[in-house]
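*Asks:* This is the structure alone, sequence omitted:
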Ligand SMILES: CC/C=C\C/C=C/C(=O)SCCNC(=O)CCNC(=O)[C@H](O)C(C)(C)COP(=O)(O)OP(=O)(O)OC[C@H]1O[C@@H](n2cnc3c(N)ncnc32)[C@H](O)[C@@H]1OP(=O)(O)O
């Protein structure tokens, strides 16, 4: 049964029962209509409590039903209307989550009681839509326009105590929300309900409300560049000010339909399910996530307390895993300790505000210089800087110090996992964990399996990612793994565009208008240009080891852009030196301003090398950079480094500032049409045979030849993932 009903004295308790998250599918909606109908008519029932089974109120509408005919049967807003109009008081007992349509349902009830661990919210905006079951009309009437806008436009999950302060819920309890709701229901039997029906309330509004909404529109446009759902949310809330409730609901409905027509919801919902699919990893051997048991990680250690290490320590502590943090000398240890403790204090403060004792949620961190103290930890994450020799030295030490069943992880953004594993006594227990900076904030974790990494090690690392609250993707071992490997051809195109007449700000603007959080040049300045320079020097692409007589713009017969090398040679490393592709207010400054020096430098460079000026327009910039990125994605699939296109998209959506409303680079290629992507690349490559990264990947060619099937069907063409490297 999708919903059940039981009687406690004169209170009917209606329970939504649709595992795993009580999504309000068509069957649940039908069951709710039936159970509410019966409870309303039953003379022995004086009040009603609504809750969800298994400690979850509801995760909202069933996202899989969008775009199908199922969504059209029994509208949730009609159910909400019926509940609100009930002559018997209805109390929502919120446990776990009340999200999206789940919260809209609770807002239709006359009272809301939540347990302290629960979270409520209207996260529809994150999947490209708006709350369209009356939520944009009822919430502003309950908590006012500014607070409602914040909740609806950001889509964040609000902890119960904050929901109480905002006035979204009436009561927060430490014990059972259902018991408390039954008690409240009994107390309010017979009391007037008019003021509890949110749709009937007037919105306190003043003349400045229109100005306030207009300002919010401008701010939101800048913040969520190109995303349509946040703008639709504001327009729906505006309707709650200007229109009577029922007309506001109509407007909500219209906005929902026009959003659907943009294609953005489909992309964001694909992104949502792809993230969940990524957790269900597969291995070239055929093993899958359900066949392997992860080992429990009770204690962990982090080696290196630089920016990455600090973030990893915080993540582990927040996941309640006690950590030993190691540095190489007393000074570094002290610096790391201060930074970690200050971040932990902030986390503790947040917990206190939510009514929790920090001790119960944050695990201890022990700082030491002694490797010997690692003998009992279950898992170590090495997070020193990117230097193979240093990493090997550490893994040799770990091999001799750690207990034999301890897992050894290396946080690297591209070094060879097999080489690191080869110096240990347990290559099967070595795995890459590529965190993104700052590691306590960024959602993505690339888990990199080596040739010898055991399935248990993979299962343990993937499970650890989940425990840390990360979106975790399993990838194969190749230079730079998935995300950074794809950046290569993308950045290459960005540099060529400068050679041909564009400026950093022109390219960045085009990519940011496409939706990227940051264009390629601002991104390089943030990451530090010296990192890539060091790596190119080591590879002999620049510096003293370049063979005599090598043309400035060629390496091994292929086109090469030395622009970034030249910048580094002038001491321009990006934000850290106050100048790179842009100038900044000071070293470490964040505000990028176009730099006349760069303009002059580029003009001289083009003249020196007699490069024909053919500056690209916005569309061409986007096409070249994005198709280069996706093309490398197809190669990664061919190589078996990523097991499906969805995994690549998850990586880009969560680690590289790709606009989620475009689904990811592989989804975007599919959306544009693979034949078009193939033809554009082919044309470019024919004219530029010295740019091999733009040669269309074999898999792309194969898929384009059959007309570009939907992304779900690509797997059939890729075949079983086999790591060819
Ligand atoms: C016509 C308009 C009508 C009404 C307007 C209302 C619109 C909505 O309500 S849209 C939905 C809004 N709700 C959300 O966006 C919540 C989405 N879910 C989540 O954020 C999380 O899943 C969770 C916090 C609810 C639970 O997280 P966690 O415990 O980490 O579990 P998973 O994320 O792995 O989810 C488990 C399982 O459930 C599936 N699922 C989750 N939410 C929904 C949903 N709303 N509809 C359908 N399915 C849902 C999720 O995909 C997982 O299943 P699979 O492993 O099979 O993918």
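*Replies:* Received it, and whenever you're ready, just let me know what you need. No experiment lies behind these values; they were computed from the predicted model shown.
*Asks:* rest of the way, CA atoms for contacts and neighbours
*Replies:* Will do.
*Asks:* So which bits of the stretch 101-250 of the chain are right by the ligand?
*Replies:* Residues of the stretch 101-250 of the chain lying near the ligand by CA under 6 Å from any ligand atom: 101, 123-124, 131-133.
*Asks:* now those residues in CSV, with secondary structure, pLDDT and neighbour count?
*Replies:* Converted to CSV, those look like this (DSSP: H, G, I helix; E, B strand; the rest coil; pLDDT from 0 to 100; neighbours: other CA atoms under 10 Å):
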residue, secondary structure, pLDDT, neighbour count
101, helix, 98, 28
123, helix, 98, 24
124, helix, 98, 26
131, coil, 98, 26
132, coil, 97, 26
133, coil, 98, 26
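*Asks:* where exactly do the helices run in the stretch 501-650 of the chain?
*Replies:* Along the stretch 501-650 of the chain, the segments classed as helices by DSSP state H, counting those that start in this stretch run 504-514, 520-527, 529-538, 563-569, 596-608, 618-638, 645-655.
*Asks:* which one of those is the most hemmed in?
*Replies:* Among those, ranked by average contacts under mean count of other CA atoms under 10 Å, first place goes to helix 645-655 (a mean of 25).
*Asks:* Quick one: distance of the next helix-or-strand element following that one to the chain centre.
*Replies:* Along the chain past helix 645-655, the next helix or strand (assigned with DSSP states H and E) turns out to be helix 665-672. Here helix 665-672 shows a centroid-to-chain-centroid distance of 18 Å under the convention CA atoms, centre = their mean, to the nearest Å.
*Asks:* So what touches helix 665-672?
*Replies:* 267, 626-627, 629-630, 633, 645-646, 648-649, 652, 658, 662, 677, 708-711 (CA atoms under 8 Å, 6 or more residues apart in numbering).
*Asks:* by how many degrees do that helix and helix 645-655 diverge?
*Replies:* 110 degrees (axes from the mean of the first three to the mean of the last three CA atoms, to 10 degrees).
*Asks:* In helix 665-672, which residues are buried?
*Replies:* 665-671 (16 or more other CA atoms under 10 Å).
*Asks:* packing partners for the helix or strand containing residue 218?
*Replies:* Assessed by DSSP H and E, residue 218 sits inside helix 209-223. If contacts are counted by 3 or more CA pairs under 8 Å, 6 or more residues apart in numbering; DSSP states H and E, helix 209-223 sits against helix 228-242.
*Asks:* What is the helix it packs on packed up against?
*Replies:* For helix 228-242, the packing partners by 3+ CA pairs under 8 Å, 6+ apart are helix 135-143, helix 145-154, helix 209-223, helix 245-262.
*Asks:* Report the buried residues of it.
*Replies:* Buried residues in helix 228-242 (16+ other CA under 10 Å): 228-241.
*Asks:* ok, which pair from those is furthest apart?
*Replies:* The span of the buried residues of helix 228-242, defined through CA to CA, is set by 228 and 241 at 20.7 Å.
*Asks:* Reformat the helices of the stretch 501-650 of the chain as CSV; add distance to the ligand and mean pLDDT.
*Replies:* Shown next, in CSV, are those (distance: least, CA to the nearest ligand atom, whole Å; pLDDT from 0 to 100):
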stretch, distance to the ligand, mean pLDDT
helix 504-514, 24, 97
helix 520-527, 29, 96
helix 529-538, 35, 92
helix 563-569, 41, 98
helix 596-608, 45, 97
helix 618-638, 22, 98
helix 645-655, 13, 98
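*Asks:* between these, which one is nearest to residue 414?
*Replies:* The closest of these to residue 414 is helix 529-538. By CA to CA, the value is 10.9 Å.
*Asks:* residue contacts, residue 174?
*Replies:* Per CA under 8 Å, 6+ apart, neighbours of residue 174: 115-116.
*Asks:* For it, give me phi and psi.
*Replies:* Dihedral angles of residue 174 (phi, psi; degrees, to the nearest 10) stand at phi -80, psi -30.
*Asks:* and the residue of the stretch 251-400 of the chain found nearest the ligand, how many neighbours?
*Replies:* Closest residue of the stretch 251-400 of the chain to the ligand, CA to the nearest ligand atom: residue 276 (5.1 Å). The tally of other residues near residue 276 (other CA atoms under 10 Å) stands at 12.
*Asks:* can you check residue 12 too?
*Replies:* 27.
*Asks:* Can you spell out which residues form a bridge with the nearest residue to it once chain neighbours are set aside?
*Replies:* In this structure, residue 12 finds its nearest non-sequential neighbour in residue 48, 4.8 Å apart by CA to CA, 6 or more residues apart in numbering. Under the criterion DSSP bridges, residue 48 forms beta bridges with residue 12, residue 90.
*Asks:* Next, the contact list for residue 48, please.
*Replies:* By CA under 8 Å, 6+ apart, the neighbours of residue 48 are 11-14, 39, 88-91, 185.
*Asks:* For ChimeraX, write the selection for the buried entries among those.
*Replies:* Burial among these is assessed by 16+ other CA under 10 Å; the matching ChimeraX selection reads:
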select :11,12,13,14,39,88,89,90,91,185
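*Asks:* TSV for the contacts of residue 48, including distance to residue 262?
*Replies:* Below are the contacts of residue 48 laid out as TSV (distance: CA to CA, whole Å):
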residue	distance to residue 262
11	45
12	43
13	41
14	38
39	41
88	42
89	40
90	38
91	37
185	44
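*Asks:* Columns distance to residue 335 and pLDDT on top of the contacts of residue 48, output as a markdown table?
*Replies:* Putting the contacts of residue 48 into a markdown table (distance: CA to CA, whole Å; pLDDT from 0 to 100) gives the following:
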| residue | distance to residue 335 | pLDDT |
| --- | --- | --- |
| 11 | 59 | 98 |
| 12 | 59 | 98 |
| 13 | 56 | 98 |
| 14 | 55 | 98 |
| 39 | 63 | 97 |
| 88 | 62 | 98 |
| 89 | 58 | 98 |
| 90 | 55 | 98 |
| 91 | 52 | 98 |
| 185 | 55 | 98 |
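*Asks:* What is the end-to-end distance of stretch 360-374?
*Replies:* Start to finish, the residues bounding stretch 360-374 are 24 Å apart (CA to CA, to the nearest Å).
*Asks:* any idea which helix or strand comes after the helix or strand that contains the residue of the stretch 251-400 of the chain closest to the ligand?
*Replies:* Take DSSP H and E as the rule and residue 276 turns out to sit in helix 264-278. Following helix 264-278 in sequence order, the next helix or strand is strand 300-303 (DSSP H and E).
*Asks:* Could you list the buried residues of that next one?
*Replies:* The neighbour-count check on strand 300-303 (16+ other CA under 10 Å) flags 300-303 as buried.
*Asks:* filter those down to the ones near the ligand?
*Replies:* Answer for the buried residues of strand 300-303 near the ligand: none qualify (CA under 6 Å from any ligand atom).
*Asks:* Can you pull up the residues of the stretch 251-400 of the chain that come close to the ligand?
*Replies:* 273, 276.
*Asks:* Contact partners for the residue in the chain sticking out farthest from the centre?
*Replies:* The centre of the chain is farthest from one residue, residue 43, which by CA atoms, centre = their mean lies 49.7 Å away. Residue 43 sits next to no residue when contact means CA under 8 Å, 6+ apart.
*Asks:* Ok, which of the helices and strands packed on helix 228-242 comes nearest residue 621?
*Replies:* helix 209-223 (21.0 Å).
*Asks:* what residues does that closest one touch?
*Replies:* 227, 230-231, 234, 238.
*Asks:* which helices and strands does the lengthiest helix in the chain pack with?
*Replies:* What stands out as the longest helix in the chain, according to DSSP state H, is helix 330-353. In terms of contacts (3+ CA pairs under 8 Å, 6+ apart), helix 330-353 is packed against helix 307-318, helix 358-361, strand 365-368.
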